[in-house]
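In: give me coordinates for this.
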Amino acid sequence: MHWIHLQVLGSLLSAHRIITDSKQPFGDMTIKDYDNELLYMAHDLAVRLLPAFENTKTGIPYPRVNLKTGVPPDTNNETCTAGAGSLLVEFGILSRLLGDSTFEWVARRAVKALWNLRSNDTGLLGNVVNIQTGHWVGKQSGLGAGLDSFYEYLLKSYILFGEKEDLEMFNAAYQSIQNYLRRGREACNEGEGDPPLCQREHVQWAADEHLD
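Out: The predicted structure follows:
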């Protein structure tokens, strides 16, 4: 999913919530005669993004979608974990504001699909996946580009929506990162050994087992 689309969606939803917040914590940000126009625009944009979730065997969305015509016929079937798994906040908020579960449902389906493809041995996820086969094209794991916001959104989603499954996935991912990616001494500024850091790591995968 192209990041600019989600940034626009998030901006529309944030502005709508600020304008309509009865407590107005940032000062008076209300707009006279405002009639949910930004929410309607956010809904329109999200509907245009939905084709990215169609015709994908895993439920993981296509990486690109044309807002006018849908998924281009020559679109790549490979997407990064962060791009496909960082939709829960915007889509979840939109679903709850509209009372329409569609958007949160497709976002959660994508997250669960990625989660089910994690390594049987380490619990780590790769950084690039084929959305049709579920096979990892990029078999490196880490905390940098291509993976970072997948973890971030799990925790944010739990804070926002209180879904225990999101916290359970985050905690499990964090434990795997601590066990297999983190290197160095336990404390940052004291103790023996190198300062702690998280590194990328090649992982052996058992992806064929997940979709059979």
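
In: contacts for stretch 55-62?
Out: With C-beta atoms under 8 Å, 6 or more residues apart in numbering as the test, stretch 55-62 has contacts from 1, 51-53, 71, 75-77, 79, 84, 87, 106, 109-110, 112-114, 129, 131-134, 211. For glycine as for every other residue, the C-beta is placed from the backbone atoms N, C-alpha and C.

In: same deal with stretch 80-87?
Out: Identification of contacts with stretch 80-87 by C-beta under 8 Å, 6+ apart yields 1, 3, 6, 60-61, 63, 106-107, 110-111, 114, 125-129, 131, 138, 145-150, 152-153.

In: pull out the buried members of those.
Out: Among the contacts of stretch 80-87, those that count as buried by neighbour count (16 or more other C-beta atoms under 10 Å) are 1, 6, 60-61, 63, 106-107, 110-111, 114, 125-129, 131, 146-147, 149-150, 152-153.

In: just the buried members of the contacts of stretch 55-62?
Out: Using 16+ other C-beta under 10 Å as the burial test, the contacts of stretch 55-62 include 1, 51-53, 71, 75, 79, 84, 87, 106, 109-110, 113-114, 129, 131, 134 as buried.

In: re earlier: tell me which of the buried ones among the contacts of stretch 80-87 fall in strands.
Out: In this view, the buried ones among the contacts of stretch 80-87 that belong to strands under DSSP state E are 128-129.

In: now the helices for this structure?
Out: 3-20, 37-49, 81-85, 88-98, 102-116, 148-161, 164-180, 208-211 (DSSP state H).

In: could I get the buried residue list for the first one?
Out: To tie it back to what came earlier, the one meant is helix 3-20. Quick answer for helix 3-20 (16+ other C-beta under 10 Å): 5-6, 8-9, 12-13, 15-16, 19-20.

In: between helix 148-161 and it, find me the angle.
Out: 20 degrees (axes from the mean of the first three to the mean of the last three C-alpha atoms, to 10 degrees).

In: chain center to helix 3-20, what's the gap?
Out: How far helix 3-20 lies from its chain's middle: 16 Å, per C-alpha atoms, centre = their mean, to the nearest Å.

In: tilt between that helix and helix 102-116?
Out: Angle of helix 3-20 versus helix 102-116, following the same axes, to 10 degrees, is 130 degrees.

In: what residues does helix 3-20 touch?
Out: Contact with helix 3-20 is made by 26, 29-31, 34, 36, 38-39, 41-42, 45-46, 49, 65, 67, 83, 86-87, 89-90, 93-94, 97, as judged by C-beta under 8 Å, 6+ apart.
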